[in-house]
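> next input, structure requested:
(chains A and B)
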Amino acid sequence: MNDQDSLLVGTRKGLFTMRTHGGAWRPERVDFLGEPVTAVVHDETSGRTWAALGTGHFGVHVWRREGGASEWVEVASPTYPARPASATDVDPMRQEPVPWATQMAWVLETGGPQRPDELWCGTIPGGLFRSRDGGDSWQLERGLWDHEARAQWFGGGYDWPGVHSVTPDPRDPNTIVAAVSCGGSWITRDDGATWEASTGMRADYVPPDAAMDPYTQDPHRVVRCLADPDVLWNQHHSGCYRSTDGGVMWEEIVERAPSVFGFAAAAHPTDPSTAWFVPAVADQLRVPVDGRFVASRTTDGGKSFDVLGDGLPDHDAYDLVYRHALDVDGTGEQLAMGSTTGSLWATGNGGERWETVSANLPPVNVVRFASRG
Amino acid sequence: MTAIYDRGVVRVNFTKNMQRHVDCPPEDVSGATLRLALDDYFRIHPAVRSYVLDDQGAVRRHVAVFVDGDHVSDPSSLSDPLGDDAEIHVMQALSGG
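Predicted coordinates:
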């Protein structure tokens, strides 16, 4: 464990930064206390950190902290262009016009080492935004927003569809995978000009004839193996998937102990056969199986799974881990996860043994490791 | 009376709950409609705009705007006319009990 490491924990009531002290994570500072922090990301190259706040009454606001600085500065927020009078986009579930206004900044991602000033933001109601100046301005990615398939996207859980996963290919920043609940997973190879939906996912929440429709899939979270970028993992509403071709085609993982339902996923940064998930019983029962809270890990590409529960509550636990609330560090040894009931756990050995960092946080939205800051 | 008073002065006030997020001091501005008066305020304090208005320029759903004590009648286009010495209050709508 590196003394410079920190853990950023975005919750319903503030951003908590944990730091290691003698091998254990301890709270170091609290920012935005009382405000919902819906997304956070740290850039190792520049040392900068961005946090997205959903202030409830007063809209979505993005703040930035420079490397080594302690103060946050408000930067621009993703803002939709004026809704044209000719726009006909209607959520098919609600039969109401899609608002061209940011309801939530659901995920923030950096552009990677090749594009240090680039920043991505996936939003509800379905717009993917990019900043080329570190958050000082944002542009809606029209290639995806204007795709005719967006007419089939719908909100699942939230009122409107949303982009929650964005992962540029570290070999080629023009190739990006983005995933939408509910609207499938998408790949561009021309830096966002054109997008293609991936195939292979199966939805059990639509009539059987429509189960394989790529445009109405609900991938909960899509993550990539950085050292082998053709390998991606996908925790879907109706199951678990792995891709070995960069996210073009998904192969279903049918069996996973203790269940295949869940939200979060973490890909090992260097080993393409290893990934972690945090299962819950099922769509209609979003609690740990038998009250025993565990993580589930495969080390053989999804053929088999280890149930990792050492140090985690083994009875009467009702914690759920949201899609951004599980993270793995650059070594693949440290992981952390936070729950909707305000617990935070960390491991330094790939999940073999967990320690409780806190049991008293607000509901956790997002957990991210940061090498500094 | 200065010239600005001849055109009518509009006083804009904000709830303290917003002051937590962004500097939004009370200000005397001018404008014949609510839209014009708020635009004048945002010219002086540009960071405040996105806290009050959404991406399409309408009053945010959980923000309540009052003119001389009355709810605005048109929160989308903000066409409410303002009389001389009008007073605008931007408040937080009650939510969650």
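
> list the contacts of the residue of chain A found nearest chain B.
For chain A, the residue closest to chain B is A:Ala101, as judged by Cβ to the nearest Cβ, at 3.8 Å. C-beta: built from backbone N, CA, C; applies to glycine. Counting by Cβ atoms under 8 Å, 6 or more residues apart in numbering or on different chains, A:Ala101 makes contact with A:Tyr80, A:Pro125, B:Asp54, B:Asp55, B:Gln56.

> now, of those residues, which are buried?
Burial of the contacts of A:Ala101 was assessed by neighbour count (16 or more other Cβ atoms under 10 Å in any protein chain shown); the buried members are A:Tyr80, A:Pro125, B:Asp54, B:Asp55.

> the last one reaches A:Tyr80, doesn't it?
The one in question is B:Asp55. Yes - counting by Cβ atoms under 8 Å, B:Asp55 does reach A:Tyr80; the two are 4.3 Å apart.

> burial count for the residue nearest to A:Gly155 when sequence neighbours are not counted?
Closest residue to A:Gly155 apart from its sequence neighbours, by Cβ to Cβ, 6 or more residues apart in numbering or on different chains: A:Pro161 at 5.5 Å. Burial of A:Pro161 is recorded as 28 neighbouring residues (other Cβ atoms under 10 Å in any protein chain shown).

> A:Val75: neighbour count?
The burial count for A:Val75: 18, using other Cβ under 10 Å.

> any idea how many residues pack against the residue lying closest to it once chain neighbours are set aside?
Nearest-residue entry for A:Val75: A:Gly135, 3.9 Å, with adjacent residues in sequence omitted and distances by Cβ to Cβ, 6+ apart. When neighbours are counted by other Cβ under 10 Å, A:Gly135 registers 23.

> interface residues of chain B facing chain A?
Proximity of chain B to chain A, by Cβ under 8 Å from any Cβ of the partner chain, involves residues B:17-18, B:21-22, B:47, B:50-52, B:54-57, B:60, B:62-63, B:92-93, B:95.

> identify the residues contacting residue 40.
All of this is about chain A. Counted by Cβ under 8 Å, 6+ apart, A:Val40 has contacts A:Leu8, A:Gly10, A:Leu15, A:Thr49, A:Trp50, A:Ala51, A:Ala52, A:Leu108, A:Val366, A:Arg368.

> you looked at the wrong chain, it should be chain B
B:Val10, B:Val29, B:Ser30, B:Gly31.

> go again with 6 Å.
By Cβ atoms under 6 Å, 6 or more residues apart in numbering or on different chains, the residues touching B:Asp40 are B:Val29, B:Ser30, B:Gly31.

> so A:Gln114 sits against A:Asp172, correct?
No - in this structure, A:Gln114 is not within contact of A:Asp172 by Cβ atoms under 6 Å, at 8.8 Å.

> once you drop chain neighbours, what's closest to the residue in chain B that chain A sits nearest to?
Going by Cβ to the nearest Cβ, chain A is nearest to B:Asp55 of chain B, at 3.8 Å. The shortest distance from B:Asp55 to any non-neighbouring residue, by Cβ to Cβ, 6+ apart, is to A:Ala101 (3.8 Å).

> now swap in A:Ile176 and tell me
Of all residues not flanking A:Ile176 in the chain, A:Pro168 sits nearest, at 4.8 Å (Cβ to Cβ, 6+ apart).
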